[in-house]
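Engineer: What follows is a protein structure lacking sequence information:
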């Protein structure tokens with residue numbers, strides 16, 4: 001399961017377009033949902049692999065003791081050890097894992113759902129109404145609604161004349177094709193800089209913290225030498 005989300009965790013450590021990342025999260029959730037539907041078959045394969053590893057390490061196949069008032073373990077009905085671990089461990093963990101992903105990115109998804117209509121791939125198929133939720137949210141950072149709406153119509157017209165296969169797919173690639181004077185495109189810039197995680201920021205602060213520690217130590221040593 002963790003191997004399914006490995007690429008997501010790696011991308012969280014880098015600068016990445018949020019709309020692209022949300023699409024990746026959706027793909028992962030779709031795959032995990034299919035694994036949940038086919039939990040019996042998937043776990044059978046997984047359990048066989050676990051038993052093989054356990055045999056090499058001389059670990060016996062057993063389950064925790066179950067009693068009527070037990071609270072530390074799941075008292076799920078079962079007929080085999082495999083069924084117990086599937087129902088008490090695998091399925092609950094899979095459900096919790098999917099729910100955590102949805103909870104973590106739900107607010108981002110709602111924002112991107114509206115903002116992504118500024119992307120050339122989508123703006124050619126929609127109208128300004130699709131952007132109203134994003135406009136209302138970022139209204140203080142934008143020009144008058146009529147100005148933004150006019151810019152959107154010009155932006156849409158620009159990309160309607162292009163081959164659909166050559167349209168930019170992300171906010172960052174769209175910005176590279178954007179004439180900044182003619183298209184200020186504040187919403188596009190906002191979409192490009194929305195944070196996926198704080199990983200990059202945390203690394204920056206970590207480096208700054210080490211640098212401040214170094215300066216503090218060298219200053220202290222200099223004071224001792226004076």
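Structural biologist: The structure has been received and is ready for your questions. Just so we're clear, the structure is a prediction, and the values are computed from it rather than from any experiment.
Engineer: Look up how far residue 27 lies from residue 7.
Structural biologist: 10 Å (Cβ to Cβ, to the nearest Å). The way it works is simple: take the backbone N, C-alpha and C, and place the C-beta from them, glycine included.
Engineer: Any regions of this protein where pLDDT drops low?
Structural biologist: 1, 9-20, 66-74, 106-111, 185, 192-226 (pLDDT under 70).
Engineer: For residue 127, what are phi and psi?
Structural biologist: Note on residue 127: backbone dihedrals following degrees, to the nearest 10 are phi -130, psi -180.
Engineer: Please report how far the closest residue to residue 63 other than its chain neighbours lies from residue 47.
Structural biologist: Using Cβ to Cβ, 6 or more residues apart in numbering and skipping residues adjacent in sequence, the residue nearest residue 63 is residue 84, 4.9 Å away. Distance of residue 84 to residue 47, given as Cβ to Cβ: 10 Å.
Engineer: again with residue 37
Structural biologist: Counting by Cβ to Cβ, the gap from residue 37 to residue 47 is 18 Å.
Engineer: These two: who's more crowded?
Structural biologist: Neighbour count, other Cβ atoms under 10 Å: between residue 37 and residue 47, residue 47 has more, with 18 against 10.
Engineer: The more buried one against residue 83, yeah?
Structural biologist: No. Here residue 47 does not reach residue 83: they are 9.6 Å apart, not a contact under Cβ atoms under 8 Å.
Engineer: Next, the distance between the ends of stretch 76-88.
Structural biologist: 6 Å (Cα to Cα, to the nearest Å).
Engineer: ok, now stretch 59-78?
Structural biologist: Termini of stretch 59-78 sit 21 Å apart (Cα to Cα).
Engineer: related to what we said a few turns ago, and the strand or helix carrying the residue nearest to residue 63, what's buried?
Structural biologist: Using DSSP states H and E, residue 84 falls within helix 81-85. Across helix 81-85, burial judged by 16 or more other Cβ atoms under 10 Å covers 82-85.
Engineer: State the helix or strand in which the nearest residue to residue 90 once chain neighbours are set aside lies.
Structural biologist: Leaving aside its chain neighbours, residue 90 sits nearest to residue 43 (5.0 Å; criterion: Cβ to Cβ, 6+ apart). In this assignment (DSSP H and E), residue 43 forms part of helix 39-56.
Engineer: ok, residues contacting that helix?
Structural biologist: 35, 60-61, 82, 85-86, 90-91, 94 (Cβ atoms under 8 Å, 6 or more residues apart in numbering).
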